[in-house]
Every structure is written in structure tokens, then in C-alpha cells.
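Participant: when you get a sec, could you give me coordinates for this:
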Amino acid sequence: MTSVLKFDSSFLRYSFVALSALALTACRSGGTDGDGGALAPGEAVSNYEFENDHAIGAKDAPVVIVEYASVVCPACANWHNNVFPEIKSKYVETGKVRFIFREFPTPPEILAQTGFSIANCVDESKFFANISAQFKRQEAILRAPDKGKAYEDLAKASGLSVKKYEECRNDQEWLAEYNAKVKAAREKGVRSTPTFFVNDKRHKNSAGKPIFVIEDFDAVIGPLLGDTPEKDAAE
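Facilitator: Presented below is the predicted three-dimensional model:
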């Protein structure tokens, strides 16, 4: 069972130099399976989506992108701040793509879990806005001398009282579901973030890296929409 979260200042140190370097590379998971049993997400909404997924876009979109990401991963922040807005306007808002965000923690995992608890505590209609806010504030949070206060301030900015924030991040039912999601992701082969699946097929670009820029997504999505020959190297 997951214990109540405590912030240890010696564990939470995160250097600015490391953050700058990680912004251009994938973030690695700690590699240990979460406790709990197999994921039981309920009935599938589609071939690629479950009822407890966080999703935006048309439910009948021909293409489904699933991203596994961590709110403390600089590479994820870089992608969400610079690439996702174009993905959203070009594909999601035009009904071509349904986008699903799945939580996957990377070190320091206690911070990732805390951030995810806040995003899951707000109304579901505000989930993506909250995730976006966390990526925009990521550097400030990770460099904050008092990270407990930094997350408390984030919770307040998200419309949560301190009491509600504490209740949510220590909610055993949510923690069990969260651990099950992480375990299922690892069983699917996810080891780093961001990791992308397009119509349940994991994709990398021609350089063998996780697909990050819009051109990489165009090369994958285009053929699925009947637009262009596929150029992507899939795993």
C-alpha cells in the first residue's frame, strides 16, 4: 500500500543543468512496478481507450494518439509547451485525432504522483488545462526550495483548498487506480516519457527517437488519414 506522501529535501534536489539537458531527451522511469493488481479500467470506450482515460477530441476520430507522460519530465514539458498546441489545432480540433493522456511517473516520482493527484482532483473538464499549467510551471516547481509549498500553491491556483488537496493526494482509492495504471503501462513496455502510441502502435522517428516534432506526427498520422505514404519507422 502506498504510504502518505512526505517531502524529503535531500531527495527532492533537482539541478537546473539536469533539467536543461533532459528537456531534449526522454525521461526514464525508475523501473520498479507499482503495487496493486492488474489494471481494471472498466469497459473500453474504443479499441484504444478506457473509460477512466483522460481524452479530448472526437470519440469517432479515425486516429487515436495515446501519450504516456510525466509532469516532472522536462522532455514532456518541452513537447506539451511547443508541439502539443499544433497537434491540438491541426488534428484534435478538426476531428481527425482523439488524444489520450496517461500518467506515467519519472523521478522524482513522489513529485510526479503529487502533480497527478492535483490534476485528478480537479473537475475532469479542467484536467488538460491543469496538466498544461503544471508543464508551464514545471521548472519553477522543481527548482523551488520548498516543493511542498510549491505544490500547495499549485493546488490553490487550481481551485482546491489545502484540505481538499491533502485529501486527494492521500486518497487510497485513487492511489490504487494510479498504481494500477502505472503497472499496466510498464507491462505494455513503457519505460520513458514521453512515449506515444498511434492507434495502439508505438512509433519512433527515423532517428529511432520518440516522436517529438510536428513533422514526425504528420508522417505517422498522414497515412492513417489517407494523405501521404508512411515514412515513419515504427517499433
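Participant: when you work out contacts or count neighbours from here on, use the C-alpha atoms and nothing else.
Facilitator: Noted.
Participant: beta partners of the residue nearest to the spatial centre of the chain?
Facilitator: In the chain, the centroid-proximal residue (C-alpha atoms, centre = their mean) is Ala69; its distance is 2.7 Å. With DSSP bridges as the criterion, Ala69 is bridged to Glu103.
Participant: and it, how far from Cys121?
Facilitator: 18 Å (C-alpha to C-alpha, to the nearest Å).
Participant: also Ala129?
Facilitator: In this view, Ala129 and Cys121 are 13 Å apart by C-alpha to C-alpha.
Participant: same question for Val213.
Facilitator: Distance of Val213 to Cys121, computed by C-alpha to C-alpha: 30 Å.
Participant: the two - which one has more neighbours?
Facilitator: Taking neighbours as other C-alpha atoms under 10 Å, Val213 and Cys121 compare with Cys121 leading, 22 against 15.
Participant: give me the pLDDT for the residue nearest to that one when sequence neighbours are not counted.
Facilitator: Nearest-residue entry for Cys121: Cys168, 6.0 Å, with adjacent residues in sequence omitted and distances by C-alpha to C-alpha, 6 or more residues apart in numbering. At Cys168, the predicted lDDT confidence score is 96.
Participant: give the contact list for Cys168.
Facilitator: Counting by C-alpha atoms under 8 Å, 6 or more residues apart in numbering, Cys168 touches Ser117, Ile118, Cys121, Trp174.
Participant: what subset of those residues is buried?
Facilitator: Buried residues within those, counting neighbours by 16 or more other C-alpha atoms under 10 Å: Ser117, Ile118, Cys121.
Participant: quick one: the longest helix anywhere in the chain to chain centroid distance?
Facilitator: Counting residues, the longest helix found in the chain (DSSP state H) is helix 172-187. Using C-alpha atoms, centre = their mean, to the nearest Å, the mean C-alpha position of helix 172-187 is found 13 Å from that of the whole chain.
Participant: pLDDT averaged over that helix - what is it?
Facilitator: 95.
Participant: buried set for it?
Facilitator: For helix 172-187, a neighbour-count test (16+ other C-alpha under 10 Å) marks Leu175, Ala176, Glu177, Tyr178, Asn179, Ala180, Lys181, Val182, Lys183, Ala184, Ala185, Arg186 as buried.
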